[in-house]
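1. Any chance you can model this:
(4 chains)
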2 protein chains.
Amino acid sequence: MTEPAGNNDQAGGMRQRILETASSLFYEHGVRAIGVDLVVERAGIAKTSLYRHFRTKDELVAAFLEREDAAFWQAWDDVAARHRDDPEAELLAHMGWIAERVARPGYRGCPQINVAAEFPESGHPARQVEYEHKREMRRRIQALGERMQMADPAGFSASLSVFINGAFVSSRVLDPGEAKPVLADTAAALLSAYR
Amino acid sequence: MTEPAGNNDQAGGMRQRILETASSLFYEHGVRAIGVDLVVERAGIAKTSLYRHFRTKDELVAAFLEREDAAFWQAWDDVAARHRDDPEAELLAHMGWIAERVARPGYRGCPQINVAAEFPESGHPARQVEYEHKREMRRRIQALGERMQMADPAGFSASLSVFINGAFVSSRVLDPGEAKPVLADTAAALLSAYR
DNA sequence: AATAAAACAAACTGGTCTGTATGGTGTCAA
DNA sequence: TTGACACCATACAGACCAGTTTGTTTTATT
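-> You can find the predicted model right below:
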């Protein structure tokens, strides 16, 4: 089986290097604040190389969100794997690592929400990624509610996923040690209300 | 008493006209997407006039958030005035108008949160406005919790204001009729949990 | 060794951005 | 009437933007 492109190993590494550099710059400073020239310089590559792997900057932004999406669900799955048989414990564990994450020093909010704020046009390629990411959150929490045999798992999921989105954007107004108890207490309150 | 500036009446109207035009453009398309030239054109004024009333674009952005802040608390106070003697009814009424607002067709999220996403540098003049706005939300909800003689009004306020911020950024992932029951039910759940 | 893909550097296109400078017009007050 | 000031229109400075073009060098496969 001959490879379609000349050098797959290096080519994949190149794409990933560009994406990693762009991702950290985009996340830290915002997408519109970072020009492709800076990405090129910081990645130590030629501009032509960037545009071979990504048709436009908008596609690079969408790839950034896809990367963040994958990393987020990876973290989620890692925690879920430690609570295979107890959906309530799993849910509380999720609140724990999310609280820990939003309280971290360099935390700058949810990349999906930030990009959505920067690009109001719903036709932007990154907006589709953001939409699916948020939908997936609702689906996963609803599945947990179903496994807990709640009467209204959809309502529970809507409420809790809205709250989690709130945690992502409220980190600056929450005092450092506050995130953890607030997330835990609210989850407990919603659990008992929707039980 | 001589007026410090030549023509106060017109000058105030001019500033407000610029600010109104800029506000709707900023809110609809994002701040970084709107150049001062476009604001000038749409306001039907000269660029020199804009820069006489606002030192820089950043100050115009801060004024935009101050305007939105004032309008938001005006709406809040209007509702509060109709429930002077019943803090629980007032709180549920707030959930009502907020739900109605985020479900409106042209709703693009909370301007404070959107600007915060566009300008990560915490030194930006608009970020101070955003910070105070979010703090004020916590203060007001805590005051309601205190009037309800809750044991932990600060915890209640933290939880509910995080949730409200979540509602602001989740409007796109909520189905049209969903916002109202989700906000009402969650508020009820938190009320009974923190009672 | 030959071929092809992919990387490099650097200039360039055509446009946008914030902010300033210039000069002219209308209005109000001393 | 004279001066101060707000306003207008236009042009400009200097930087940055996304994306293309050109031509050379590296790298990998055949």
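
2. From what I see, A:Cys110 and A:Val169 are in contact.
-> Yes. With contact defined as C-beta atoms under 8 Å, A:Cys110 counts as touching A:Val169 (7.2 Å). Yep, even glycine has a C-beta here, placed from its N, CA and C like the rest.

3. neighbour-wise, which of those two wins?
-> Higher neighbour count among A:Cys110 and A:Val169: A:Val169, with 28 against 24, using other C-beta atoms under 10 Å in any protein chain shown.

4. Against chain B, how distant is that one?
-> 5 Å (C-beta to the nearest C-beta, to the nearest Å).

5. Wait, that residue touches A:Gln112, no?
-> No. A:Val169 is beyond contact range of A:Gln112, at 11.1 Å (criterion: C-beta under 8 Å).

6. quick one: the longest helix belonging to chain A near DNA strand C?
-> Determined from DSSP state H, the single longest helix within chain A is helix A:57-81. No. Between helix A:57-81 and DNA strand C, judged by C-beta under 7 Å from any atom of the strand, nothing touches; the nearest distance is 12.2 Å.

7. Tell me the helices and strands packed up against that helix.
-> helix A:8-29, helix A:36-43, helix A:87-102, helix A:111-118, helix A:125-147 (3 or more C-beta pairs under 8 Å, 6 or more residues apart in numbering or on different chains; DSSP states H and E).

8. and the first one, how far from the chain's centre?
-> Translated: helix A:8-29. Using C-alpha atoms, centre = their mean, to the nearest Å, the mean C-alpha position of helix A:8-29 is found 16 Å from that of the whole chain.

9. That one vs helix A:36-43, what angle?
-> In this structure, helix A:8-29 runs at an angle of 120 degrees to helix A:36-43, with axes from the mean of the first three to the mean of the last three C-alpha atoms, to 10 degrees as the basis.

10. Single out the most deeply packed of the helices and strands packed on helix A:57-81.
-> helix A:111-118 (a mean of 24; mean count of other C-beta atoms under 10 Å in any protein chain shown).

11. hmm, who's touching that helix?
-> Defining contact as C-beta atoms under 8 Å, 6 or more residues apart in numbering or on different chains, one finds that helix A:111-118 is touched by A:26-27, A:30-32, A:61, A:64-65, A:68-69, A:108, A:126-127, A:129-130, A:133-134, A:165, A:168-169, B:30, B:32, B:109, B:113-114, B:117-118, B:169, B:172.

12. Save the helices and strands packed on helix A:57-81 as TSV, and put in distance to B:Glu100 and mean pLDDT too.
-> As requested, those are exported to TSV (distance: least, C-beta to C-beta, whole Å; pLDDT from 0 to 100):
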stretch	distance to B:Glu100	mean pLDDT
helix A:8-29	34	87
helix A:36-43	42	98
helix A:87-102	28	98
helix A:111-118	22	98
helix A:125-147	21	98
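
13. residues touching the residue of chain A found nearest chain B, list them.
-> With C-beta to the nearest C-beta, the shortest gap between chain A and chain B falls at A:Gly166, namely 2.7 Å. By C-beta under 8 Å, 6+ apart, the contact list for A:Gly166 reads B:Val162, B:Phe163, B:Ile164, B:Asn165, B:Gly166, B:Ala167, B:Val169.

14. Give me the buried stretch members for the one helix or strand it maps to, please.
-> Assessed by DSSP states H and E, A:Gly166 sits inside helix A:153-169. For helix A:153-169, a neighbour-count test (16 or more other C-beta atoms under 10 Å in any protein chain shown) marks A:153, A:155-169 as buried.
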